[in-house]
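Novice: show me how the following folds:
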Amino acid sequence: MARSLYICYFGLREPLVQTQVLPYLREIVKDGVEMHLLTFEPELNSWTSAEIRQAEQELRTDGITWHRLKYHKHPSVPATLYDITIGFFKIALLARKYPFDIYHSRGHIPGPIAAVAKKILGGQFLFDIRGFMPEEYTDAGVWKDGSLLYRLVKRVEKWLIHSADGYVVLTEKARDILFPGSLKTGRDITNKPIEVIPCCVDFERRTDNANSAALVPKRPFATHIGALGGLYLTEEIAALMAAAREADPEIIALLLTRSKNSGIGDMLRSKGFSEDDFLIKSSKPEEIMQKISNARFGISILAESYSSYARSPTKIPEYLAAGIPVIASPNVGDVDAMLIDNKVGVILDDLSYNSYIRAVGMISDLYKDPGIRNRCRETARRLFSLNTVGGVRYRRIYKRLLGSE
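Specialist: Coordinates of the predicted model:
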């Protein structure tokens, strides 16, 4: 039986791990792969022994063996280098008991751990490229463009791409940028396998909370789910919500987010929203689709940048799976063509008042189409299903790496 170690620089309880890591691992396990997961826990000291045992047992039931290390945050660069170093020694110890065939790195930071483990311990390195990390940090203003840190990470990125035995990217655009000419073959110029796997939705996911519909507004509403701030432009999201209310004063705003101190409430108030005209709440991942299913439309506005070409916003397939059309900013991954070709959304011309008014008018016409909800759901199933898209493609690249396809 093949054995894989998935290395993730996030904690097990984080929503991203619950929705965009564990579901994929469960899919890979279906082909008989013995799956191990290494996470870096930001609140490891808060876990009780009973909670750890319970999590281990639940994951073991899914065919996943969980290993963990403490995540260190400050000071940023030394802490990350420390975690990478400790991560390799942890894997070296694990490999004595579980010789791994594949080291699967989620993103750039675990990449050096996987690359060194491959070189010293044997096995193969699958580089799951979740985005253009160096550019994301410069676009978000964390690093200066062309800074020493940026240049160093770009060199590391080049080394990781050279060292890897296979690749996963989120978008067709990212594949074309990183591996030009790979569209027809599904492999790079050195014949290494590549898969494009967007952020997918588990259509089997159901809420366990019978009262989860209690938050759903009784009035017509537009919604935004997920992060606010950084590359997600909070002021522009508020402005689009205001344009929607200008077109229809009955519409209110529902924001499901864990972002704290985003200022979105004050922004909406400044644009004429009363306290009864918006709701800002957090939500369990498994409850989101139910809560937004009656929305007029969902919003995804990201700052336009080079790193956006590699992005696959999770919120968009979640909107579509809930049966609602989308208003999105331009030039984000493969979103433009997907929404337009399938007639399930509108792409903003730019981030201006006139563009918002135009988009709201177009989405209102789209919402009146009696077939829109079914078309949104069908598009989500065809392009973003965990079972028929994400799982199939992950199992396929595993087979290629293991020589069984």
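Novice: may I have the helix-or-strand element of the chain with minimal mean pLDDT as PDB, with CA atoms only?
Specialist: Ranking every helix and strand in the chain by mean pLDDT, DSSP states H and E puts helix 288-292 at the bottom, with a mean of 88. Provided in PDB are the C-alpha atoms of helix 288-292 (Å, rounded to 0.1, in the frame of the first residue of the first chain):
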ATOM      1  CA  ILE A 288     -23.000  28.500   4.900                       C
ATOM      2  CA  MET A 289     -24.800  27.200   1.800                       C
ATOM      3  CA  GLN A 290     -28.100  26.900   3.600                       C
ATOM      4  CA  LYS A 291     -27.800  30.400   5.000                       C
ATOM      5  CA  ILE A 292     -27.100  32.000   1.600                       C
END
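Novice: any idea how far it is from the chain center?
Specialist: 18 Å (C-alpha atoms, centre = their mean, to the nearest Å).
Novice: what's the answer for stretch 314-327, then?
Specialist: Using C-alpha atoms, centre = their mean, the offset of stretch 314-327 from its chain centre is 14 Å.
Novice: do the same with stretch 267-286
Specialist: Computed by C-alpha atoms, centre = their mean, the separation of stretch 267-286 from the middle of its chain amounts to 23 Å.
Novice: buried ones in it?
Specialist: With burial defined by 16 or more other C-beta atoms under 10 Å, the residues of stretch 267-286 counted as buried are 267, 268, 271, 273, 277, 278, 279, 280, 283, 285, 286. (Each C-beta comes from the backbone N, C-alpha and C, glycine too.)
Novice: wait, which of these is closest to residue 352?
Specialist: Distance to residue 352 across the buried residues of stretch 267-286 (C-beta to C-beta) is lowest for residue 271, with 15.0 Å.
Novice: so what pLDDT did the nearest residue in space to the closest one that is not next to it in sequence get?
Specialist: Of all residues not flanking residue 271 in the chain, residue 242 sits nearest, at 4.0 Å (C-beta to C-beta, 6 or more residues apart in numbering). At residue 242, the model reports a pLDDT of 96.
Novice: repeat that for residue 141.
Specialist: Among the per-residue scores, residue 141 shows a pLDDT of 85.
Novice: now it, what's its secondary structure?
Specialist: Following DSSP: H, G, I helix; E, B strand; the rest coil, we place residue 141 in the coil state.
Novice: what about it, how many residues nearby?
Specialist: Residue 141 has 10 neighbouring residues, counting by other C-beta atoms under 10 Å.
Novice: quick one, strands of the stretch 151-300 of the chain?
Specialist: For the stretch 151-300 of the chain, applying DSSP state E, counting those that start in this stretch gives strands covering 166-169, 194-196, 221-225, 252-256, 278-281, 297-300.
Novice: got those strands as a markdown table, with distance to residue 238 and mean pLDDT columns?
Specialist: Output for the strands of the stretch 151-300 of the chain, formatted as a markdown table (distance: least, C-beta to C-beta, whole Å; pLDDT from 0 to 100):
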| stretch | distance to residue 238 | mean pLDDT |
| --- | --- | --- |
| strand 166-169 | 32 | 97 |
| strand 194-196 | 33 | 96 |
| strand 221-225 | 9 | 95 |
| strand 252-256 | 8 | 94 |
| strand 278-281 | 9 | 92 |
| strand 297-300 | 10 | 97 |
